[in-house]
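> heads up, no residue letters with this:
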């Protein structure tokens, strides 16, 4: 594999992160407003070194409230950009080349939400699409041009106690062999303010990304805002299937805002 696999793959990782950021976190707070709220809408941004993504999405409860058991329909869309450098053969000799990439992505998922005591469970499945464009074109990576695939997402929110909570989100897609997972352990220092730690992993056929960090979350009756940051490591799958750890301790930052109505 080439370095492009790590950099181009990283934005697919970011796209997977973006599509999953509206995890089960708001489920408990939505309960009091469930009778009158049928939609959740959110927007956010995520940035790594040389990589950024913006996204927006919505979840609808066609029957009943957004906090009640029932069918869920979710739409997510976003865009991003990335840069990477690599050595390519030009004019008969190897030369450094700087690539500029852009991506658009979207999900359409249908599933079900179930409340089981302190647990809120969601399972959704559907279609994931993306389109990667590179300037100049780079035939050394498979992550280029339009593509689509199936997607499965599972999200869990656990109210551990009066102050502590845990959320875990997992997603798999056949698009570029992508996957995503994140867990957050939160503690309510105030009724509306949580702080905690998060850890996650994302990847595709050409890269794996692992990250760990912290977050700050402020919530109100019909919404929330969350800030997160930390450090990530990339593992590029080298030829022969071995993994090389590259660019350790790369910082990341994320922000998201959600409202329900």
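Looks like it arrived, so ask away. Owing to the predicted nature of the structure, the values given are computational and were not obtained by experimental measurement. Numbers count the residues shown, from 1 in each chain.
> which parts of this structure are strands?
Taking DSSP state E, the strands of the chain run over residues 39-48, 51-60, 70-90, 93-116, 119-135, 145-159, 164-173, 179-190, 193-204, 207-220, 223-237, 243-260.
> quick one: average pLDDT of the second one?
In other words, strand 51-60. The pLDDT scores in strand 51-60 average 90.
> rank the strands of the chain by pLDDT, which is bottom?
Among the strands of the chain, strand 243-260 has the lowest mean pLDDT, at a mean of 74.
> leaving out chain neighbours, which residue sits closest to residue 192?
Spatial nearest neighbour of residue 192, excluding adjacent residues (Cβ to Cβ, 6 or more residues apart in numbering): residue 219 at 5.5 Å. Every residue, glycine included, has its C-beta placed from N, CA and C.
> give me the neighbour count for that neighbour.
Number of residues near residue 219 (other Cβ atoms under 10 Å) recorded here: 20.
> that one pairs with what?
Judged by DSSP bridges, the bridge partners of residue 219 are residue 224.
> and it, how far from residue 166?
Distance of residue 219 to residue 166, given as Cβ to Cβ, to the nearest Å: 16 Å.
> distance from the chain centre to stretch 189-199, please.
Its chain's average C-alpha position is 19 Å from that of stretch 189-199, according to Cα atoms, centre = their mean, to the nearest Å.
> hmm, I typed the wrong one, I wanted stretch 170-182.
Taking Cα atoms, centre = their mean, the mean C-alpha location of stretch 170-182 is offset from the chain mean by 9 Å.
> picking up where we left off before, does the residue nearest to residue 192 really touch residue 190, like I thought?
No. With contact defined as Cβ atoms under 8 Å, residue 219 does not count as touching residue 190 (10.2 Å).
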